[in-house]
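>>> quick one, fold the following:
(one chain, ligands or ions: 2)
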Amino acid sequence: SLKMIYYVTPTYPRPEQVPELMRLAYTLMHVPRLHWIVADDESVCSEPVLNILRRTGLPFTHISSPKPFIYKTSNFPRGVANRRAALEWIQKNVSDGILYFGDDDNAVDLQLFDEIRSTKKVSMFPVGLIGNYGVSTPIVKDGKVLGFFDSWPASRTFPVDMAGFAINIGFLKDSADMPFIAGHEEDKFLVSLDLDIEDIEPLAGNCTRILVWHTKTAKHKKSTLKVNINKLTSMDK
Ligand code: UDP
Ligand code: MN
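Ligands and ions are numbered 1, 2, ... in the order given. Here you go, the predicted model:
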């Protein structure tokens with residue numbers, strides 16, 4: 001049977017959260033054999049998020065994993081405590097399948113899921129609408145990854161975005177770790193897996209096609225109305 005894809009989404013409360021997750025849900029509902037792990041940056045699992053998850057009909061896991069207080073700074077690592085919690089859940093509960101990190105604001109072509117499902121160790125592919133170059137991608141020659149094209153190399157071994165790779169869960173080691181270092185989460189995580197560049201499987205037509213985008217939703221301007229938009233949303237059942 002088809003390998004299960006574990007789609008890991010960190011999320012946090014804000015007025016855009018419900019529409020972002022709703023839109024992502026309608027993409028994921030088209031994918032067979034997908035388990036959605038939503039890791040909530042809150043001290044309790046939020047009602048509006050749970051309502052969306054229930055309505056998808058997908059198998060899901062909803063984890064409460066607030067960021068530690070010390071990371072409530074200006075350039076804090078975004079979505080790390082929650083991705084770590086999801087990773088821990090997978091390591092405890094799953095022995096077979098594919099792990100993919102997808103933010104709540106990304107846009108994904110359904111073809112990507114067909115491609116990542118056969119990942120043997122770690123697969124990689126381009127991510128659109130990111131950084132100053134507009135794309136981050138492995139550089140491929142004769143079906144082999146030779147290097148990376150990314151506008152912020154920052155002496156990283158694997159300068160890729162969180163949405164630019166998928167992992168066979170059998171390849172996840174106990175040593176797998178994602179540190180709280182803004183901008184270096186992907187690289188340090190991949191290095192912690194003892195990944196060799198020769199082992200990377202390039203997808204999306206040898207990285208010639210963009211099947212996932214680092215889209216960003218504009219923040220709603222502060223309303224002059226003094227109400228909590230999330231409260232309104234959660235009462236609207
Ligand atoms: N995120 C989170 N807590 C935060 C900020 C962000 O859980 O305090 C999540 C967010 O919902 C998203 C991911 O972490 O799924 C990356 O955040 P964002 O999209 O804001 O950052 P960018 O993609 O621009 O790096
Ligand atoms: Mn994002």
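
>>> residue numbers of this protein in contact with ligand 2?
Proximity of the chain to ligand 2, by Cβ under 5 Å from the ion, involves residues D103, D105. For glycine as for every other residue, the C-beta is placed from the backbone atoms N, C-alpha and C.

>>> hang on, isn't L34 packed against K3?
No - when contacts are counted by Cβ atoms under 8 Å, L34 is not listed as touching K3 (10.5 Å).

>>> give me the pLDDT for M235.
For M235, the model assigns a pLDDT of 44.

>>> now K222
72.

>>> ditto for K226
At K226, the model reports a pLDDT of 58.

>>> would you list every one of the strands in this structure?
5-11, 34-40, 60-64, 98-101, 107-108, 122-124, 127-128, 135-141, 144-149, 165-168, 200-202, 212-213 (DSSP state E).

>>> paired strands for the third one, with orientation please.
So that's strand 60-64. strand 34-40 (parallel) (DSSP bridges).

>>> hmm, the partner strand in reach of ligand 1?
No - using Cβ under 6 Å from any ligand atom, strand 34-40 stays clear of ligand 1, with a minimum separation of 7.4 Å.

>>> picking that back up, make JSON lines out of the strands of the chain and add distance to K188.
Converted to JSON lines, the strands of the chain look like this (distance: least, Cβ to Cβ, whole Å):
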{"stretch": "strand 5-11", "distance to K188": "16"}
{"stretch": "strand 34-40", "distance to K188": "18"}
{"stretch": "strand 60-64", "distance to K188": "21"}
{"stretch": "strand 98-101", "distance to K188": "14"}
{"stretch": "strand 107-108", "distance to K188": "24"}
{"stretch": "strand 122-124", "distance to K188": "14"}
{"stretch": "strand 127-128", "distance to K188": "18"}
{"stretch": "strand 135-141", "distance to K188": "17"}
{"stretch": "strand 144-149", "distance to K188": "15"}
{"stretch": "strand 165-168", "distance to K188": "13"}
{"stretch": "strand 200-202", "distance to K188": "17"}
{"stretch": "strand 212-213", "distance to K188": "21"}
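
>>> okay if I get the ones you listed as JSON lines plus mean pLDDT and mean neighbour count?
JSON lines is the format used below for the strands of the chain (pLDDT from 0 to 100; neighbours: other Cβ atoms under 10 Å):
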{"stretch": "strand 5-11", "mean pLDDT": "98", "mean neighbour count": "25"}
{"stretch": "strand 34-40", "mean pLDDT": "98", "mean neighbour count": "23"}
{"stretch": "strand 60-64", "mean pLDDT": "98", "mean neighbour count": "17"}
{"stretch": "strand 98-101", "mean pLDDT": "98", "mean neighbour count": "25"}
{"stretch": "strand 107-108", "mean pLDDT": "98", "mean neighbour count": "18"}
{"stretch": "strand 122-124", "mean pLDDT": "99", "mean neighbour count": "24"}
{"stretch": "strand 127-128", "mean pLDDT": "98", "mean neighbour count": "22"}
{"stretch": "strand 135-141", "mean pLDDT": "98", "mean neighbour count": "20"}
{"stretch": "strand 144-149", "mean pLDDT": "98", "mean neighbour count": "15"}
{"stretch": "strand 165-168", "mean pLDDT": "98", "mean neighbour count": "24"}
{"stretch": "strand 200-202", "mean pLDDT": "99", "mean neighbour count": "21"}
{"stretch": "strand 212-213", "mean pLDDT": "98", "mean neighbour count": "22"}
